[in-house]
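Colleague: coords please:
(one chain, ligands or ions: 1)
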Amino acid sequence: MKTHLENLNWRYATKRFDENKKISAEDLSALKEAVRLSASSYGLQPYQVLVIEDEKTKEKLRAAAFNQPQLTEASQVFVFASYTEVKEEYIQDYMKNVAETRGMDLSELDQFAEMIKGASMSLPKDQQAVWTAKQTYIALGFLLNAAATLKIDTCPMEGFNAEEFDEILGLKEKGLTTAVIATAGYRSEEDITQNYKKVRKSNEDLFINI
Ligand SMILES: Cc1cc2nc3c(=O)[nH]c(=O)nc-3n(C[C@H](O)[C@H](O)[C@H](O)COP(=O)(O)O)c2cc1C
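Modeller: Got it, this is the predicted structure:
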(Lines give C-alpha, C1' and ligand atoms only; values in the text may rest on other atoms or scores of the structure.)
Protein backbone atom coordinates (compact mmCIF):
# COMPACT_ATOMS: atom_id res chain seq x y z
CA MET A 1 0.00 0.00 0.00
CA LYS A 2 2.86 2.36 0.82
CA THR A 3 4.14 2.04 -2.75
CA HIS A 4 0.66 2.58 -4.14
CA LEU A 5 0.24 5.81 -2.21
CA GLU A 6 3.75 6.89 -3.20
CA ASN A 7 2.77 6.34 -6.84
CA LEU A 8 -0.38 8.40 -6.37
CA ASN A 9 1.72 11.20 -4.92
CA TRP A 10 4.18 10.87 -7.80
CA ARG A 11 1.51 11.28 -10.45
CA TYR A 12 0.19 14.67 -11.45
CA ALA A 13 -1.84 16.07 -14.31
CA THR A 14 1.06 16.47 -16.70
CA LYS A 15 1.05 19.67 -18.72
CA ARG A 16 4.13 19.11 -20.87
CA PHE A 17 5.21 15.70 -22.11
CA ASP A 18 8.57 14.74 -23.60
CA GLU A 19 7.55 14.07 -27.19
CA ASN A 20 10.61 11.90 -27.79
CA LYS A 21 9.61 9.34 -25.16
CA LYS A 22 7.08 6.74 -26.26
CA ILE A 23 5.22 4.15 -24.23
CA SER A 24 6.47 0.62 -25.01
CA ALA A 25 4.11 -1.90 -26.63
CA GLU A 26 4.20 -3.97 -23.43
CA ASP A 27 3.27 -1.07 -21.16
CA LEU A 28 0.60 0.12 -23.57
CA SER A 29 -1.02 -3.27 -23.55
CA ALA A 30 -0.92 -3.27 -19.71
CA LEU A 31 -2.66 0.13 -19.67
CA LYS A 32 -5.31 -1.13 -22.08
CA GLU A 33 -5.84 -4.22 -19.94
CA ALA A 34 -6.35 -2.03 -16.86
CA VAL A 35 -8.98 -0.03 -18.74
CA ARG A 36 -10.61 -3.25 -19.96
CA LEU A 37 -10.80 -4.50 -16.37
CA SER A 38 -12.59 -1.39 -15.14
CA ALA A 39 -15.74 -1.81 -13.14
CA SER A 40 -18.92 -0.50 -14.76
CA SER A 41 -22.58 -0.49 -13.84
CA TYR A 42 -23.93 -4.04 -14.43
CA GLY A 43 -20.63 -4.69 -16.23
CA LEU A 44 -22.13 -3.24 -19.40
CA GLN A 45 -19.13 -1.05 -20.33
CA PRO A 46 -21.33 1.30 -22.38
CA TYR A 47 -18.38 2.90 -24.16
CA GLN A 48 -15.42 2.30 -26.42
CA VAL A 49 -11.91 3.62 -25.92
CA LEU A 50 -9.84 4.98 -28.79
CA VAL A 51 -6.08 4.83 -28.38
CA ILE A 52 -4.53 7.38 -30.69
CA GLU A 53 -0.89 7.71 -31.66
CA ASP A 54 -1.29 8.91 -35.25
CA GLU A 55 0.45 12.30 -35.32
CA LYS A 56 -1.90 13.92 -37.83
CA THR A 57 -4.95 12.90 -35.82
CA LYS A 58 -3.30 14.16 -32.63
CA GLU A 59 -2.70 17.53 -34.28
CA LYS A 60 -6.36 17.79 -35.27
CA LEU A 61 -7.41 16.85 -31.74
CA ARG A 62 -5.09 19.45 -30.25
CA ALA A 63 -6.81 22.15 -32.30
CA ALA A 64 -10.13 20.91 -30.90
CA ALA A 65 -8.76 20.95 -27.34
CA PHE A 66 -7.94 24.63 -26.93
CA ASN A 67 -4.48 23.94 -28.33
CA GLN A 68 -3.40 22.09 -25.17
CA PRO A 69 0.12 20.76 -25.92
CA GLN A 70 -0.48 17.41 -24.21
CA LEU A 71 -2.48 16.26 -27.24
CA THR A 72 0.53 16.22 -29.56
CA GLU A 73 3.40 15.83 -27.07
CA ALA A 74 2.08 12.76 -25.27
CA SER A 75 2.79 9.31 -26.62
CA GLN A 76 -0.87 8.27 -26.73
CA VAL A 77 -4.26 9.92 -26.38
CA PHE A 78 -6.99 7.79 -24.81
CA VAL A 79 -10.45 8.93 -25.86
CA PHE A 80 -13.27 7.52 -23.73
CA ALA A 81 -16.31 7.55 -26.00
CA SER A 82 -19.67 6.69 -24.48
CA TYR A 83 -22.86 5.47 -26.15
CA THR A 84 -25.19 8.38 -26.84
CA GLU A 85 -28.10 6.15 -25.83
CA VAL A 86 -28.54 2.64 -24.46
CA LYS A 87 -29.77 0.36 -27.25
CA GLU A 88 -31.27 -3.07 -26.74
CA GLU A 89 -28.60 -4.59 -29.00
CA TYR A 90 -25.82 -3.44 -26.62
CA ILE A 91 -27.51 -5.25 -23.76
CA GLN A 92 -28.05 -8.35 -25.92
CA ASP A 93 -24.39 -8.37 -26.98
CA TYR A 94 -23.39 -8.16 -23.34
CA MET A 95 -25.71 -11.03 -22.40
CA LYS A 96 -24.13 -13.16 -25.15
CA ASN A 97 -20.71 -12.34 -23.76
CA VAL A 98 -21.75 -13.26 -20.20
CA ALA A 99 -23.34 -16.53 -21.40
CA GLU A 100 -20.29 -17.51 -23.47
CA THR A 101 -17.78 -16.50 -20.82
CA ARG A 102 -19.54 -18.29 -17.99
CA GLY A 103 -20.90 -21.26 -19.98
CA MET A 104 -24.53 -20.33 -19.38
CA ASP A 105 -27.66 -20.55 -21.46
CA LEU A 106 -28.80 -17.13 -22.73
CA SER A 107 -32.27 -17.73 -21.32
CA GLU A 108 -30.80 -17.88 -17.80
CA LEU A 109 -29.95 -14.22 -18.21
CA ASP A 110 -33.39 -12.99 -19.21
CA GLN A 111 -34.13 -11.44 -15.83
CA PHE A 112 -30.75 -9.76 -15.67
CA ALA A 113 -31.25 -8.33 -19.18
CA GLU A 114 -34.71 -7.07 -18.32
CA MET A 115 -33.37 -5.43 -15.18
CA ILE A 116 -30.69 -3.55 -17.12
CA LYS A 117 -33.16 -2.57 -19.83
CA GLY A 118 -35.66 -1.36 -17.23
CA ALA A 119 -33.09 0.74 -15.39
CA SER A 120 -31.31 2.27 -18.39
CA MET A 121 -33.56 2.28 -21.45
CA SER A 122 -36.48 3.77 -19.50
CA LEU A 123 -34.46 6.91 -18.80
CA PRO A 124 -34.95 9.92 -21.10
CA LYS A 125 -32.33 9.83 -23.91
CA ASP A 126 -30.29 12.70 -22.43
CA GLN A 127 -30.14 10.89 -19.07
CA GLN A 128 -29.04 7.69 -20.79
CA ALA A 129 -26.12 9.65 -22.23
CA VAL A 130 -25.25 11.03 -18.78
CA TRP A 131 -25.31 7.50 -17.33
CA THR A 132 -23.06 6.04 -20.04
CA ALA A 133 -20.65 8.97 -19.74
CA LYS A 134 -20.38 8.46 -15.97
CA GLN A 135 -19.15 4.93 -16.57
CA THR A 136 -16.20 6.19 -18.61
CA TYR A 137 -14.86 8.14 -15.65
CA ILE A 138 -14.36 4.91 -13.72
CA ALA A 139 -12.32 3.52 -16.62
CA LEU A 140 -10.40 6.79 -16.65
CA GLY A 141 -9.57 6.28 -12.96
CA PHE A 142 -8.35 2.75 -13.65
CA LEU A 143 -6.08 4.14 -16.38
CA LEU A 144 -4.60 6.86 -14.16
CA ASN A 145 -3.92 4.35 -11.39
CA ALA A 146 -2.32 1.77 -13.66
CA ALA A 147 -0.22 4.42 -15.35
CA ALA A 148 1.07 5.67 -11.99
CA THR A 149 2.07 2.11 -11.08
CA LEU A 150 4.05 1.89 -14.32
CA LYS A 151 5.52 5.38 -13.76
CA ILE A 152 3.77 6.57 -16.88
CA ASP A 153 2.50 10.14 -16.81
CA THR A 154 -1.05 11.08 -17.69
CA CYS A 155 -3.31 14.07 -17.94
CA PRO A 156 -7.05 13.54 -17.57
CA MET A 157 -8.82 16.16 -19.66
CA GLU A 158 -12.24 17.65 -20.17
CA GLY A 159 -10.93 20.74 -21.91
CA PHE A 160 -11.97 19.87 -25.46
CA ASN A 161 -14.85 20.40 -27.85
CA ALA A 162 -16.72 17.09 -27.87
CA GLU A 163 -18.55 17.81 -31.12
CA GLU A 164 -15.28 18.49 -32.92
CA PHE A 165 -13.67 15.37 -31.42
CA ASP A 166 -16.65 13.29 -32.55
CA GLU A 167 -16.34 14.72 -36.06
CA ILE A 168 -12.58 14.12 -36.31
CA LEU A 169 -12.89 10.57 -35.00
CA GLY A 170 -16.11 9.64 -36.82
CA LEU A 171 -17.86 8.75 -33.57
CA LYS A 172 -21.41 9.91 -34.31
CA GLU A 173 -22.03 7.22 -36.91
CA LYS A 174 -20.89 4.64 -34.35
CA GLY A 175 -23.44 5.89 -31.80
CA LEU A 176 -20.63 7.27 -29.64
CA THR A 177 -19.60 10.64 -28.27
CA THR A 178 -16.43 11.81 -26.54
CA ALA A 179 -16.96 11.85 -22.76
CA VAL A 180 -13.48 12.40 -21.37
CA ILE A 181 -9.90 11.92 -22.53
CA ALA A 182 -6.46 11.24 -21.07
CA THR A 183 -3.05 11.77 -22.57
CA ALA A 184 -0.29 9.36 -21.58
CA GLY A 185 3.48 9.43 -21.94
CA TYR A 186 6.43 10.81 -20.03
CA ARG A 187 6.76 14.20 -18.36
CA SER A 188 9.09 16.77 -19.85
CA GLU A 189 11.85 17.97 -17.54
CA GLU A 190 10.67 21.45 -18.44
CA ASP A 191 7.18 20.95 -17.03
CA ILE A 192 7.39 23.13 -13.94
CA THR A 193 4.02 21.94 -12.67
CA GLN A 194 5.64 18.64 -11.63
CA ASN A 195 7.15 20.56 -8.70
CA TYR A 196 3.83 21.94 -7.50
CA LYS A 197 2.65 20.66 -4.15
CA LYS A 198 -0.52 18.59 -4.29
CA VAL A 199 -3.57 20.51 -3.16
CA ARG A 200 -6.26 18.35 -1.60
CA LYS A 201 -8.94 18.69 1.03
CA SER A 202 -7.90 17.64 4.52
CA ASN A 203 -9.29 14.35 5.85
CA GLU A 204 -11.58 16.39 8.09
CA ASP A 205 -13.01 18.33 5.17
CA LEU A 206 -13.30 15.35 2.85
CA PHE A 207 -14.59 12.52 4.99
CA ILE A 208 -17.76 12.36 6.98
CA ASN A 209 -17.48 9.45 9.37
CA ILE A 210 -20.77 8.15 10.63
C1 LIG B 1 -12.18 15.02 -15.45
C2 LIG B 1 -10.94 15.88 -15.43
C3 LIG B 1 -10.75 16.85 -16.40
C4 LIG B 1 -9.57 17.59 -16.43
N5 LIG B 1 -9.33 18.44 -17.49
C6 LIG B 1 -8.08 18.99 -17.63
C7 LIG B 1 -7.72 19.68 -18.81
O8 LIG B 1 -8.50 19.82 -19.76
N9 LIG B 1 -6.46 20.18 -18.89
C10 LIG B 1 -5.56 20.02 -17.89
O11 LIG B 1 -4.41 20.48 -18.05
N12 LIG B 1 -5.87 19.36 -16.75
C13 LIG B 1 -7.10 18.83 -16.60
N14 LIG B 1 -7.42 18.10 -15.46
C15 LIG B 1 -6.40 17.95 -14.41
C16 LIG B 1 -6.83 18.56 -13.07
O17 LIG B 1 -6.69 19.94 -13.12
C18 LIG B 1 -5.94 17.94 -11.97
O19 LIG B 1 -6.19 16.55 -11.93
C20 LIG B 1 -6.23 18.55 -10.59
O21 LIG B 1 -5.86 19.90 -10.57
C22 LIG B 1 -5.50 17.80 -9.49
O23 LIG B 1 -4.13 17.82 -9.71
P24 LIG B 1 -3.23 16.53 -9.92
O25 LIG B 1 -3.99 15.59 -10.83
O26 LIG B 1 -1.98 17.05 -10.59
O27 LIG B 1 -2.96 15.90 -8.60
C28 LIG B 1 -8.60 17.40 -15.42
C29 LIG B 1 -8.85 16.44 -14.42
C30 LIG B 1 -9.97 15.67 -14.43
C31 LIG B 1 -10.15 14.60 -13.39
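Colleague: where does this protein get nearest to the ligand, which residue?
Modeller: G159 (2.7 Å; Cβ to the nearest ligand atom). All C-beta spots, glycine's among them, are computed from the backbone N, C-alpha and C.
Colleague: so what's that residue up against?
Modeller: 65-66, 68 (Cβ atoms under 8 Å, 6 or more residues apart in numbering).
Colleague: checking it next. Helix, strand or coil?
Modeller: Using DSSP: H, G, I helix; E, B strand; the rest coil, the structure places G159 in coil.
Colleague: what does F78 give?
Modeller: strand.
Colleague: that one against Y47, yeah?
Modeller: No - at 11.3 Å, F78 does not count as touching Y47 under the criterion of Cβ atoms under 8 Å.
Colleague: ok, and of the contacts of G159, which contact the ligand?
Modeller: Q68 (Cβ under 6 Å from any ligand atom).
Colleague: top of the contacts of G159 by neighbour count?
Modeller: Neighbour counts for the contacts of G159 (other Cβ atoms under 10 Å) peak at A65, which has 23 neighbours.
Colleague: quickly find the element holding the spatially most central residue of the chain.
Modeller: For the chain, the residue nearest the mean C-alpha position is L140 (3.3 Å; Cα atoms, centre = their mean). According to DSSP states H and E, L140 maps onto helix 125-149.
Colleague: how far does stretch 121-129 sit from its chain's centre?
Modeller: Remark: stretch 121-129 is offset 21 Å from the chain centroid, using Cα atoms, centre = their mean, to the nearest Å.
Colleague: I'd like the average pLDDT over it.
Modeller: Taken as a whole, stretch 121-129 has a mean pLDDT of 96.
Colleague: show me which strand runs longest in this structure.
Modeller: Longest strand in the chain, counting residues (DSSP state E): strand 176-185.
Colleague: any residue of that strand up close to the ligand?
Modeller: Yes - shown here: strand 176-185 in contact with the ligand (Cβ under 6 Å from any ligand atom) through V180.
Colleague: beyond that strand, next helix or strand please.
Modeller: helix 203-206.
Colleague: the ligand contacts on this protein?
Modeller: Counting by Cβ under 6 Å from any ligand atom, the chain sits next to the ligand at 12-13, 15, 68, 155-159, 180, 198.
Colleague: is it possible to mark the buried ones in those residues?
Modeller: The neighbour-count test (16 or more other Cβ atoms under 10 Å) marks 12, 15, 68, 155-157, 180 as buried among these.
Colleague: quick one on the thing from earlier: what pLDDT is listed against the residue of the chain closest to the ligand?
Modeller: With respect to pLDDT, G159 has a value of 98.
Colleague: same question for Q76.
Modeller: 98.
Colleague: for D205, same thing?
Modeller: 98.
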